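J.: next comes the sequence, and after it the predicted model I'd like to discuss.
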Amino acid sequence: MTTLDVGGAESISTAEASPDDRYKDAADKFGSSLERLARAYEADPEKRLDLTQEIHFQLWRSFQRFDDRCSLRTWVYRVAHHVAASHVLRERRTFSTLVSLEELETLPDKDQGQFAADQRMILERLSLLIQQLKPLDRQVIVSYLEDLDAVSIGEITGLSPANVAMRIHRIKNILARRFHQGGSYAR
Amino acid sequence: MQDDSSRSDPRKIWQNQPSELSTMTLEKIRQRARELHAKTRRELLKNIATPLIVIAFAGLGIILGDNPLQRTAFALALFWSLTGQYFLNRGMWSATLPGGASTTGLESYRREIERRRDLFRRALQWSFGPVFLVIAALILPIVAMGIRHQGPLRNMAPFLTLIIIWLAAVPVIRMRGQRELQREIAELNEIEKTNR
């Protein structure tokens, strides 16, 4: 887990908080989420660590300009997704291997028939599935997996509520089909 | 104890995934800032390496060449490369945080793609263009001489073929990349349209 070594950090009132304090607060609250987000964008562990550090660095820089016009959570996720999407664009020489949620819904599941009993295996398959997606759809699926509601996802991505709802519906279908044989989570 | 549905719920599994321990301190972040500064300097040096080579070759060609047409081509490549430095580096170093945090994912992603598309286009026009001209100015007289005296051309044929393949492949690959980025922009336009 990427944590910030701040020793007893408390929530900081944004009015008098310095950028460093704001960063510490954000890293404390969202450090684990940022690490998971990096996993959605980079499969290679070494590059992933580098990406996580880059996200933290850009987050720290971004607090010079934080103006309280959106919530801290929205700000943190926006910065993190911007950095991660840039990373995908830099690393990928071609887009043709990335797919949209719509395309993913129609693609056959390569692991069909193999029931992923192990949680680690499910996580691996889930990460692989996310890493196939185009950056904008990755933002939606990661936010969904982090339990963010449609309004928050819309604020982060800039997609309309209807658009977010449609994508979440697709995500639920894909996840239900690929990970949950006959269960109840995909409500 | 967890029930079966929560154990196989991807959301729960995603949120409870094991972490890869690494501690980020403010000192590490400041070190990262210093690294970024050094990286920017390295990028700048890398970016001026190609034009420097072009300028060196073109300069030598102007001084040593005896064919007026060839010397004109070298002079043009020299001017092209120098002008290109302005257009290639214009605004390149001002882009710090990708997209800026006050923009949404959609806006930021679109800006990043547009920036890359423009960079591709500018690199082809202002960096590859002069290289192409210098190489053409260098090899065309050799080919012309080879046509008159068959021997040297036959010896140089593999080398010339490789150069011609490279000259043809670079713009094709670059343009294909540019088209892919353009398609991605069109897709984002479509998403924005449905957003309204």
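T.: On my side now, so go ahead.

J.: in what helix or strand does residue 56 lie?
T.: All of this is about chain A. Secondary structure assignment for residue A:56, by DSSP states H and E: helix A:45-62.

J.: try again with chain B
T.: Counting by DSSP H and E, residue B:56 is part of helix B:26-64.

J.: before we move on, what about residue A:64?
T.: Secondary structure from DSSP H and E places residue A:64 outside every helix and strand.

J.: so it touches residue A:22, yeah?
T.: No. Judged on C-beta atoms under 8 Å, residue A:64 makes no contact with residue A:22 at a distance of 9.5 Å. C-beta here means a position set from N, CA and C on the backbone, and glycine is covered the same way.

J.: ok so, going back, now for the helix holding residue B:56, which elements pack on it?
T.: Packing partners of helix B:26-64 (3 or more C-beta pairs under 8 Å, 6 or more residues apart in numbering or on different chains; DSSP states H and E): helix A:19-41, helix A:45-62, helix B:68-89, helix B:129-148.

J.: tell me the most buried of those helices?
T.: Of all the helices and strands packed on helix B:26-64, helix A:19-41 has the most neighbours on average by mean count of other C-beta atoms under 10 Å in any protein chain shown, namely a mean of 22.

J.: and the average pLDDT for that one is what?
T.: The average pLDDT for helix A:19-41 rounds to 91.

J.: again, but for stretch A:46-66
T.: For stretch A:46-66, the mean confidence score works out to 90.

J.: any bit of it sitting next to chain B?
T.: Yes. Shown here: stretch A:46-66 in contact with chain B (C-beta under 8 Å from any C-beta of the partner chain) through A:48-49, A:52-54, A:56-58, A:60-62, A:65-66.

J.: quick check, distance from that stretch to the centre of its chain.
T.: How far stretch A:46-66 lies from its chain's middle: 14 Å, per C-alpha atoms, centre = their mean, to the nearest Å.

J.: domain-wise, how is chain A divided?
T.: A:19-91, A:101-179 (automatic domain parsing).

J.: mind putting those in TSV, distance to residue B:159 included?
T.: TSV is the format used below for the domains of chain A (distance: least, C-beta to C-beta, whole Å):
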stretch	distance to residue B:159
domain A:19-91	34
domain A:101-179	42
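
J.: among the ones you listed, which is the most enclosed?
T.: Comparing the domains of chain A by mean count of other C-beta under 10 Å gives domain A:19-91 as most buried, with a mean of 20.

J.: quick revisit: and the helices and strands packed on helix B:26-64: which comes nearest residue A:72?
T.: Smallest distance to residue A:72 across the helices and strands packed on helix B:26-64 (C-beta to C-beta): 6.0 Å, for helix A:19-41.

J.: doesn't residue A:108 belong to a strand?
T.: No. Counting by DSSP: H, G, I helix; E, B strand; the rest coil, residue A:108 is not part of a strand but coil.

J.: tell me the spacing between it and chain B.
T.: 19 Å (C-beta to the nearest C-beta, to the nearest Å).

J.: any weak-confidence spans in chain B?
T.: Chain B contains residues with pLDDT under 70 at B:1-7, B:21-23, B:90-101, B:150-151, B:196.

J.: what about 50?
T.: B:1-2, B:95-99 (pLDDT under 50).

J.: and the biggest helix by length in it, what does it pack against?
T.: Counting residues, the longest helix in chain B under DSSP state H turns out to be helix B:150-195. Counting contacts by 3+ C-beta pairs under 8 Å, 6+ apart, helix B:150-195 packs against helix A:161-179, helix B:105-123, helix B:129-148.

J.: now the second one: how far from the chain's centre is it?
T.: Spelled out, that is helix B:105-123. Mean-position distance between helix B:105-123 and its chain equals 12 Å (C-alpha atoms, centre = their mean).

J.: got it, and the longest one?
T.: Between the mean C-alpha point of helix B:129-148 and the mean C-alpha point of its chain there is a distance of 25 Å (C-alpha atoms, centre = their mean).

J.: mind listing what residue B:82 touches?
T.: B:51, B:55 (C-beta atoms under 8 Å, 6 or more residues apart in numbering or on different chains).
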